[in-house]
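K.L.:
Next one to model:
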Amino acid sequence: MNVRHRRPATWFATAAVGVALVTALAAPASAAPAPGDFSGVPERTSLSYTSLSTGVHVGTANENEARPGLSTVKLYLADHVLRHGDSSAEDRDLAARMIQVSDDWAASLLDSKYPGAIDAAAREYGLTATSRGSFWGDSYTSTADTVRFLDTKKRTDPGSPVLTWMTTALPVAADGTVQDWGTGRLAAATGTKWGWADDGSSVVASASIGDDFTVAANTYGGPAPQSDDVLTALGAFDLATPTIVTAPSVPSLLDAILGIR
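P.N.:
Got it, this is the predicted structure:
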């Protein structure tokens, strides 16, 4: 007579534990959803977005187009002044005013003192569509360049005062403009720099940072059209920091599978 050696019940339980462990440990982190493309964004707006955790980048077809940089180029100017200037308290104060209240007077003083700053930043960060004009106010940049700059700062220099000042920007700029449109309207945005033409409506820009993303927009039009374009493209997406799924511990799996109390 052939005798079959039956495996004890605990073997099956142990095998189940092994399978559960492999499954749990292999479970991927659940990343925040990102837009597939920006094909529906009107041509009036250039829009660029990068997720820091996934590296996913999405941009409109015109994201590399050199457009009036407006006050978003103050980000490049401030960064250069802080890192390559004379380290004076006055420079730092003027740089802060440029970002927090978009002070044109402060920008003009620093631009006169460091006329090569914007072009130097373009070379350092690989901003191929960025160039200084006769002064900071007629400089050009692209939304792709702005996102590339902010993405680099967040990854390599997260303690930069430039980023901190974006998060502490005031609701009203030095010239009385209310700073509240475009990328700054995204729920997950933690800091923003706005820009606008002197007439306030022919062209506007905004660039924002979040815990897990950078985004920039430039619109031939006023604040309202830009907000519409940005929120239509990104407003439905959860841009918050991805939730990391942690695998349960071995003891907790044993408890659950073997019924241990």
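K.L.:
Contacts only, for the residue nearest the centre of the chain.
P.N.:
The centroid of the chain falls nearest to residue 214 when counting by Cα atoms, centre = their mean (1.2 Å). Taking Cβ atoms under 8 Å, 6 or more residues apart in numbering, we find residue 214 in contact with 49, 50, 52, 147, 150, 151, 154, 207, 208. (C-beta placed from N, C-alpha, C; glycine too.)
K.L.:
Next secondary structure after the strand or helix carrying it?
P.N.:
In this assignment (DSSP states H and E), residue 214 forms part of strand 213-219. Per DSSP H and E, strand 213-219 leads on to helix 223-234 as the next helix or strand towards the C-terminus.
K.L.:
Can I get that following helix as PDB, trimmed to CA atoms?
P.N.:
Presented in PDB, the C-alpha positions along helix 223-234 are these (Å, rounded to 0.1, in the frame of the first residue of the first chain):
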ATOM      1  CA  PRO A 223      -5.700  86.600 -16.200                       C
ATOM      2  CA  ALA A 224      -9.200  85.100 -16.700                       C
ATOM      3  CA  PRO A 225      -8.400  83.300 -20.000                       C
ATOM      4  CA  GLN A 226      -5.200  81.900 -18.500                       C
ATOM      5  CA  SER A 227      -7.000  80.600 -15.400                       C
ATOM      6  CA  ASP A 228      -9.600  79.000 -17.600                       C
ATOM      7  CA  ASP A 229      -6.900  77.300 -19.800                       C
ATOM      8  CA  VAL A 230      -4.900  76.100 -16.800                       C
ATOM      9  CA  LEU A 231      -7.800  74.800 -14.800                       C
ATOM     10  CA  THR A 232      -9.400  73.100 -17.800                       C
ATOM     11  CA  ALA A 233      -6.100  71.300 -18.400                       C
ATOM     12  CA  LEU A 234      -5.000  70.500 -14.900                       C
END
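K.L.:
Pull out the buried positions in it.
P.N.:
Judged by neighbour count using 16 or more other Cβ atoms under 10 Å, the buried positions of helix 223-234 are 223, 225, 226, 227, 228, 229, 230, 233, 234.
K.L.:
ok but residue 96 is inside a strand, no?
P.N.:
No. Read with DSSP: H, G, I helix; E, B strand; the rest coil, residue 96 is helix and lies in no strand.
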